[in-house]
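1. sharing a sequence plus its predicted fold:
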Amino acid sequence: MKFELLALLVWITSQEYTFGTQSCSTNQYYNTLTFQCTSCPTGMTRLFTGSIFQCVCDPSQAKIRNTSSINFLSSTYCGNLSISCQSNQVISSYDAVGQTISPNCNNCSGTQDPTLTYCIPFGHPRQNSVQGCTGNYTFSIQTCISDTDYAVFNTTLLYQPIIYYLVGCLTYQSSDICSQLINLCVLQLYLENTAACTFFKQKINKTLPSNYSFLPSLYLDQTAFAKNYDQIMSFDGSTANSNINYRIFSYDSSGVLLSQSTLTDELIFCSNTQNDQANSVQFGINLEISCSLDMTPYNTKPQVFYELYLIDSSSQYYQVPIQIGGQLVTRFATIFQSNKTYASYIKIHVTPFQGSIELIQVPFVEIHYDSFIGGTGYFTFKVTNYMTDTSFFTIAMILYIVGNIVIVISSLARIYLWTKANPMISLPTTYTQSIVVAGLRILLQSWSGMTFYFLLLMTAYWFIFFKFQSSPFLLLLDSDDTTNYIPFYGLFYSTFFIKVILMIDLIWRQSSVRIFFIDWEKTEFMKPQEVMEEAEELRQKSQVVKNNVSIWRSLLVANEFNELMISRVININWSLILMGFIFIGLKFDDRSQETPDLINTHAHVKKNDILRFFLVQVLYLVVGMLQIVCRRLLNIWIPYPYEDFVDLCSIANISIFMLDDNLHGYYIHGENPFGFSEGSIQHLENCLRNEAKSKGKSRGLIKDNNTRDGTIQTFEIFAPPKFKDKFFKFYSQFKDTRNQSQLRNLGIRELEMIKFQIQRYLESVIKEVKKQQNQYIRVKENMQRFLDYPPDDILFNLENQIPIFYKDEDYSFKSILFYGSEWDLLIFDTMMFCFWLFTLSSFPIALLLNFIFIKMYEQLKGEMSKNNLSDRTKIDKRFLI
């Protein structure tokens, strides 16, 4: 150590520190401790040393002044060191954070250095030697120092704080001064190019000279993360292994250890409870406490520094790394009085060790700072337990890719079946456009359906295995790292927006169905005089024209059909009320907290969107399914409205022919078995009584009173292209009259003639089906029902003009109603609810918006269906309620 002090000072002198500003006013320098311009102390003057301004001794005040200046940005103190101290005291010209003070005497537990500035620990080689000094050492002030150091001390009176710490720590190995040097580096926010931090950075970079190996560590490398905490962890809050035993060490500004204690609320600025403190150290609970702070009281708080450690079951200590500005360090402060900053964000990271959830790595603390000069601040404290293993994503990605391959194959198969059900001859001019639209619809339906169930399956995995684990098996992903949740949010939002598109498409398709009422009533016929006066061609078209047949039956059927368009089994009002009661009243939303406990909930524990998605979806679907099941059971006594509607058609003596696609549709056979329906109440009562006693004809299209087939009134139809061409030949004239002016131009009589022609044609088709019911009325096979495959007659017998009627006891015509899309609507409602919940993070607002938007699309569907029904049947919209 002969030349170490001189070498140290020479090294320091050679460094260039360009940190800070050089725009300070006259007689000021830039103080790196306070990060602001500071006036030179009394007895000193500012001098430009070639690169920076610094304060140097005023020759009139100094006993001896060095002609060369040392290139430091810290303050300089000059003065006469003739102050008298006792033999066990040293002169201190600087406080613990490097600020100059008036010289004063402080007690020394060791011996003094030659300048009476440092207290040398007992046992140091430079301590007093009663046998005298040997070699190149000189006896001075009760100690032996090297001749070189002696010359330096006696010729350099530019005493600067940084030299005070460097010499005291590196030369005399004073633990207190080394601790103060660490504090100085912390106050300078760990800037590597400052003299206070340089040696600590060299230590971690392994470039520090070996004779300084005793220097304590301030910086840590990445290996600090690789250490495992030697304790088997548990989720049971009643056992010691469920808690992480933190010990916090606090130091004052002079580097003296103030206390060491179990961590409680030292890192939490917000008001908190004992439960919050307990949750902050319990394994598996992700805590988040945020608040606005009045920073006024912090202006007078003393400067305190901290180090954090873990203690395992064998009382072994583990250093907890502190991550500040991308660097890992050992010591930190929550308040910096020098530059008025505070730790605005503190997060403790707890992760598994090498894939084993029961063993964890030594946690690390992430800290961000902000200024509190304005008087107010915002603080966030977090504890996050999360997994870093990515094997789950690999498995999930494989499953999702397999699912997409299956979807592509199934979509291609469905598109192929669509081409078979819609041969090119049926769409000669728009076939390419139609197949693109149909293919896109099939692909979106298949993909969004698969993705929804994939999300439900994956979130079920997380919810079940996280919430129901008795011993550590699974941790959640870090919700603060947005990259972890990009796959989930990406799939959710893309699926939801595709569902929105499909919902619009569903409403449009159900509101574009071609509908025609076949009125079987023939109570009175005549040939009106005004008709007989028409042209001969018109008289040939109208052999008979109905007269005095009531329109009210058609109006009644049309209004009931219009109401059915938006009717649903699921009552949305009750569904949302139950959801509000479950999630708000019973606080089920707290079950989505990031804690491995389904029953117990905690304050200040963040809710996880993955867990929340599963919980909301399952409970919303269960609430909907319960209504569906209950309504199914009630159907034994109370028929569905669409079943009652079929009965109404029979009573009104009106059949309904519907085409929901190019060659596909439905038929409701409403022909009254008694031939007419316009009679008295007594007549209607007698008809129903006779029907109950199986007297008279059956209602069904199939005239068979002995089997169930005689009661079937609903059919699914596949129309051949020839039938479509002929039907559309009449129907195109009928449907093109969309407004009153067109109706007036056409004329009511001509319009009635067109309706009569369509009805006569459809009646002839129905009569032909009755005659050859074995050929045209069939039962769908299971495979055909599953694949929705068209009959071979449509594919190979293109000359056929009679549709194929499939018995439909399931009332499949409800597919053009909301009744037929109940499950799809329920999934859409749940997705929309989660969309509002994720976007606004408010359960009550999500409930309200879900209710509003459901009513909006129901209103849209109702209005579009009413317009379509009025246009297709030529019943004035004013008669539709």
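-> Alright, I've got the coordinates.
2. quick one, strands of the stretch 701-850 of the chain?
-> The residue ranges that make up the strands of the stretch 701-850 of the chain, judged by DSSP state E, counting those that start in this stretch, are 714-718, 777-778, 804-807.
3. tell me which of those strands lies nearest to Leu218.
-> Smallest distance to Leu218 across the strands of the stretch 701-850 of the chain (CB to CB): 79.7 Å, for strand 714-718. Heads up, the C-betas are built off the backbone N, CA and C, glycines and all.
4. by contact count, what packs against the closest one?
-> strand 664-668, strand 804-807 (3 or more CB pairs under 8 Å, 6 or more residues apart in numbering; DSSP states H and E).
5. once you drop chain neighbours, what's closest to Thr296?
-> Nearest residue to Thr296, sequence neighbours excluded (CB to CB, 6 or more residues apart in numbering): Gly375, at 6.1 Å.
6. what segments of the stretch 451-600 of the chain are strands?
-> So, for the stretch 451-600 of the chain - with DSSP E, counting those that start in this stretch - the strands run 514-519, 525-526, 545-546.
7. rewinding a little: can I get the helices and strands packed on strand 714-718 in JSON lines including distance to Ala603, mean pLDDT and mean neighbour count?
-> Output for those, formatted as JSON lines (distance: least, CB to CB, whole Å; pLDDT from 0 to 100; neighbours: other CB atoms under 10 Å):
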{"stretch": "strand 664-668", "distance to Ala603": "57", "mean pLDDT": "95", "mean neighbour count": "23"}
{"stretch": "strand 804-807", "distance to Ala603": "60", "mean pLDDT": "93", "mean neighbour count": "21"}
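8. pipe those into JSON lines and attach distance to Asn404 per row.
-> Output for the helices and strands packed on strand 714-718, formatted as JSON lines (distance: least, CB to CB, whole Å):
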{"stretch": "strand 664-668", "distance to Asn404": "29"}
{"stretch": "strand 804-807", "distance to Asn404": "33"}
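9. so which of these gets nearest Tyr640?
-> The stretch from these with the least distance to Tyr640 (CB to CB) is strand 664-668; that distance is 13.9 Å.
10. between strand 714-718 and the closest one, find me the angle.
-> If you take axes from the mean of the first three to the mean of the last three CA atoms, to 10 degrees, strand 664-668 sits at 150 degrees to strand 714-718.
11. give the partner strands of strand 664-668 in its sheet and their orientations.
-> When pairs are called by DSSP bridges, strand 664-668 turns out to pair with strand 654-659 (antiparallel), strand 714-718 (antiparallel).
12. export those strands to TSV and tack on mean neighbour count?
-> Conversion of those to TSV gives the following (neighbours: other CB atoms under 10 Å):
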stretch	mean neighbour count
strand 654-659	22
strand 714-718	23
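13. looking at the ones you listed, spot the one closest to Leu619.
-> Comparing the strands paired with strand 664-668 against Leu619 with CB to CB, the closest turns out to be strand 714-718 (34.7 Å).
14. what lies in contact with that closest one?
-> Residues from elsewhere that reach strand 714-718, judged by CB atoms under 8 Å, 6 or more residues apart in numbering: 421, 646, 663-669, 701, 777, 780, 790-791, 793-794, 803-809, 811-813.
15. quick check: closest non-adjacent residue to Lys780.
-> Counting by CB to CB, 6+ apart, the nearest residue to Lys780 once its immediate chain neighbours are dropped is Tyr806, at 5.0 Å.
16. so what's the one you found bridging to?
-> According to DSSP bridges, Glu716, Arg778 are recorded as the beta-bridge partners of Tyr806.
17. my read: it touches Val779, true?
-> Yes: under the criterion of CB atoms under 8 Å, Tyr806 makes contact with Val779 at 6.9 Å.
18. so where's the stretch 451-600 of the chain shaky on pLDDT?
-> Across the stretch 451-600 of the chain, the ranges flagged by pLDDT under 70 are 523-548.
19. tell me the helices and strands packed up against the helix or strand where Leu615 lies.
-> For Leu615, the host element (DSSP states H and E) is helix 609-634. Helix 609-634 makes packing contacts with helix 431-467, helix 482-510, helix 572-580, helix 822-840 when contacts are defined by 3+ CB pairs under 8 Å, 6+ apart.
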